[in-house]
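Colleague: sequence? don't have it. structure:
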């Protein structure tokens, strides 16, 4: 899972896409996911990491993550997701 | 004489091509000879230009839209006040006035924040739908108008008012109908967009002249400057205008402000007919975006409003300069993304 | 190691920032308790969805409405509008507080009688009264409010037949400057129909004209319209006195006072713009007092306000069934209650609060009900915290009309409980079951068997 080039993420959860000029905001878990994506983690690894840290089941996290990636895709922040 | 230091919160920072009055009001306050004013901007959108005008606006905060209710507005203002210790609030948007008027006494009692607005009853009395009654009560001519709910009522009203007839929506839109058929057509068009009722208004032809004015709420008009638009944008806003010498218009304004015991700033829109009669078309319950022309002509209305809000006695202005022009200009500010980020994510700048 | 609270990841485009997160902070203040009883325990004990009625809130509403009128006018009597909420427990709270009953069908009439309301303290309104209904009402000395001439003539005949007198009022409709004019009920004031009806009644010895009644509309946002209505009723009463030397004993101004719900299409929140009960009371009382009646001639003032007395005493609790993403990217949340229970969702933007803590992050979403029908939408657009399956919410101000207009459609109706002043929870209507529904069905013999 790879973020597109030059996407800037700030500590406030502010995301800027210099290619399109769009800006976004995300919640702390969203920031965490993006950080893990920057570390080249796969979807499965991200799910596992989050499940260890937070009180939710993997299946639930995976469902939410797929939705999150779908949004990243529609906002052109990633180019593909399975 | 040293100037009194105060903090004033101002909304309407949308100095765009159809501008809000916030920035002109702030310019008036910054030029005050009585007060040294720290300005707190109140914004609804993250791209209101005033947010980024740091030489005029010292600090800004996002506030909730009026549609989310008075409770959330009050909470937000309480938070802002806890940091900024506000002395006065000047709301400048039509849509927010209802909430601010209702909150006025609470802001004063619980937070010591003053404002200077009409009471709700006076505020409502100048509404488009009851303006004719307002005119009768305050001795100013208003084109006859009637609210209708069905196109069947058009003919009877047309016979009484005569054609052409102005067909208006409850909030927006107005068309001039030359025949009953046209009026029926506009009725359907406008009601499809804005709903019922439709307001039929007597057509009055002539020149538009406007007055920016301020009342003390006790029946005194503190200041009034008339203006005619010289250049109008495609949105119908004045891009340039000139102050007029018009004693009769000033007298009418004094009467309207006096009789209605108007408290605060306002804009009166008139048509002056070819025979020299003045008809009041609309009364806006806040300063117009061109209020800085009044400052330029020697009447600092925003300063007077703040002084009255703080309980000071203000004497009516006795004169103003006529023949002064305002010519608006637009200006591209260069803003760092970091600033936009701050207002977008933290709601403060 | 204890795990952190999970919240699903969310990303939102900043649309040049019209709406911001400061916009709706009060909307997502969690509501964890109703009258001191935990929302979670209510749903654990009685299921989800669940209607909850606060008895203390009904009493507060009633007492403050009575106070608003009695401090302005000497003779005031409220009658509880059964159609607004005719659960017996609810009706009886009002009757304990002193309200009479106002009914619009023989079904509601029978409910009131069974609740123990004396016949002469029932106001019988509405266009649908059969000759049997009228006989019952006459025999019980109920106040019959005549809606149309057919009813008027039928009533004269029945009273003659019973050799007794009927205590009546007429319903009057009128132009009070508001739209729409409710001219489908009663006799029109402006065109003289009401005056004709009055003259017919006054010349019929079987009928005793005690009152004049109007009900100018519903969810009235202008108190001034009630002043106009009161004036027109006073005018009729005055003319009755002049022509027939007969004093009208009561004026019934009906109901229609708004609750703090927000009507669809309203830019401002309902609670910010509705007149207070004092405003309505002022408009009505001032008009009658200044009309010119002598103090001993002042008519009794009846009020049948329903909505504003019960709406904010009712809550609907429910749970999230699922969340999904619509084709245009919008978030959709599916609740276990829909328009089958929340009929008023057709005209209000109901306030909805989460029943548990959330972070300050929110999302715009569509709120759907559980019905497999496209009409089942509770809010077209609402900003709420990041709800997930199983999360619980509280819908506010649902006390009026929902527990009478709800439909048994696809789903069955849930439990209704009442919380009393001592935080005790009482079941006041049990949820329906398959047996409830099958009790009323019959299958012809030849349809009993089939093979698949």
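Modeller: Received, thanks. Note that the coordinates shown come from a computational prediction; the quantities given were computed from them, not determined experimentally.

Colleague: low-confidence stretches in chain A?
Modeller: Within chain A, the ranges that satisfy pLDDT under 70 run A:1, A:81-82.

Colleague: in it, where's the longest helix?
Modeller: Scanning chain A for the longest helix, with DSSP state H as the assignment, gives helix A:58-74.

Colleague: buried set for it?
Modeller: A:60, A:61, A:62, A:63, A:64, A:65, A:67, A:68, A:69, A:71, A:72 (16 or more other CB atoms under 10 Å in any protein chain shown). The way it works is simple: take the backbone N, C-alpha and C, and place the C-beta from them, glycine included.

Colleague: residue contacts, the nearest residue to residue C:366 once chain neighbours are set aside?
Modeller: Closest residue to residue C:366 apart from its sequence neighbours, by CB to CB, 6 or more residues apart in numbering or on different chains: residue C:332 at 4.7 Å. Going by CB atoms under 8 Å, 6 or more residues apart in numbering or on different chains, residue C:332 touches C:323, C:324, C:325, C:326, C:365, C:366, C:367, C:368.

Colleague: I'd like the average pLDDT over the one helix or strand residue C:332 maps to.
Modeller: Using DSSP states H and E, residue C:332 falls within strand C:331-335. For strand C:331-335, mean pLDDT is 95.

Colleague: count of neighbours near residue 80?
Modeller: By default, I'm working from chain A. Burial of residue A:80 is recorded as 8 neighbouring residues (other CB atoms under 10 Å in any protein chain shown).

Colleague: was after chain C, sorry
Modeller: When neighbours are defined as other CB under 10 Å, residue C:80 has 31 of them.

Colleague: with the one 5 residues further on instead?
Modeller: Other residues near residue C:85 number 27, with proximity taken as other CB under 10 Å.

Colleague: separate out the buried members of the contacts of residue C:332.
Modeller: Members of those classed as buried by 16+ other CB under 10 Å are C:323, C:365, C:366, C:367, C:368.

Colleague: name the single longest strand found in chain C.
Modeller: For chain C, the longest strand by residue count, based on DSSP state E, is strand C:314-325.

Colleague: helix, strand or coil for residue B:61?
Modeller: Classification of residue B:61 by DSSP: H, G, I helix; E, B strand; the rest coil places it in strand.

Colleague: residues contacting it?
Modeller: With CB under 8 Å, 6+ apart, residue B:61 has these contacts: B:40, B:41, B:42, B:43, B:76, B:80, B:347, B:348.

Colleague: helices of the stretch 301-450 of chain C, start to end?
Modeller: Remark: helices assigned in the stretch 301-450 of chain C by DSSP state H, counting those that start in this stretch are C:307-310, C:402-405, C:434-438.

Colleague: can you point out the buried residues in stretch B:128-146?
Modeller: Residues of stretch B:128-146 classed as buried: B:128, B:131-132, B:134-135, B:138, B:140-146 (neighbour count, 16+ other CB under 10 Å).

Colleague: if we can go back for a sec, any chance of CSV for the contacts of residue C:332, columns pLDDT?
Modeller: Converted to CSV, the contacts of residue C:332 look like this (pLDDT from 0 to 100):
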residue, pLDDT
C:323, 93
C:324, 91
C:325, 91
C:326, 91
C:365, 91
C:366, 94
C:367, 96
C:368, 97
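
Colleague: quick check: phi and psi on residue 27?
Modeller: Went with chain A since none was named. The phi/psi pair for residue A:27 (degrees, to the nearest 10) reads phi -90, psi 170.

Colleague: what's the neighbour count on it?
Modeller: Residue A:27, neighbours per other CB under 10 Å, totals 21.

Colleague: need the contact list for it.
Modeller: For residue A:27, the contacting residues are A:13, C:7, C:9, C:10, C:359, C:361, C:386, by CB under 8 Å, 6+ apart.

Colleague: switch the cut-off to 10 Å
Modeller: A:13, A:33, C:7-12, C:359-363, C:386 (CB atoms under 10 Å, 6 or more residues apart in numbering or on different chains).

Colleague: any idea how far it is from residue C:445?
Modeller: Noted for residue A:27: a distance of 63 Å to residue C:445, by CB to CB, to the nearest Å.

Colleague: now do residue C:183
Modeller: Applying CB to CB, the value for residue C:183 to residue C:445 is 51 Å.

Colleague: which of those two has more residues huddled nearby?
Modeller: Using other CB under 10 Å as the criterion, residue C:183 and residue C:445 rank with residue C:183 on top: 15 against 7.

Colleague: ok, back up a step: show the buried residues in the contacts of residue A:27.
Modeller: Buried subset of those (neighbour count, 16+ other CB under 10 Å): A:13, A:33, C:7, C:8, C:9, C:10, C:11, C:12, C:361, C:362, C:363, C:386.

Colleague: please name the nearest non-neighbouring residue to the first one.
Modeller: Pointing back at residue A:13 there. Nearest to residue A:13 is residue A:26, by CB to CB, 6+ apart, at 4.6 Å.

Colleague: residues from chain A in reach of chain B?
Modeller: Contact residues (CB under 10 Å from any CB of the partner chain) of chain A with chain B: A:8, A:10-16, A:18, A:21, A:23-26.

Colleague: list the contacts of the closest residue to residue B:90 other than its chain neighbours.
Modeller: Distance criterion CB to CB, 6+ apart; nearest residue to residue B:90, sequence neighbours excluded, is residue B:10 at 5.0 Å. For residue B:10, the contacting residues are B:20-23, B:25-26, B:29, B:37, B:39-42, B:50, B:56-57, B:60, B:88-92, B:302, by CB under 10 Å, 6+ apart.
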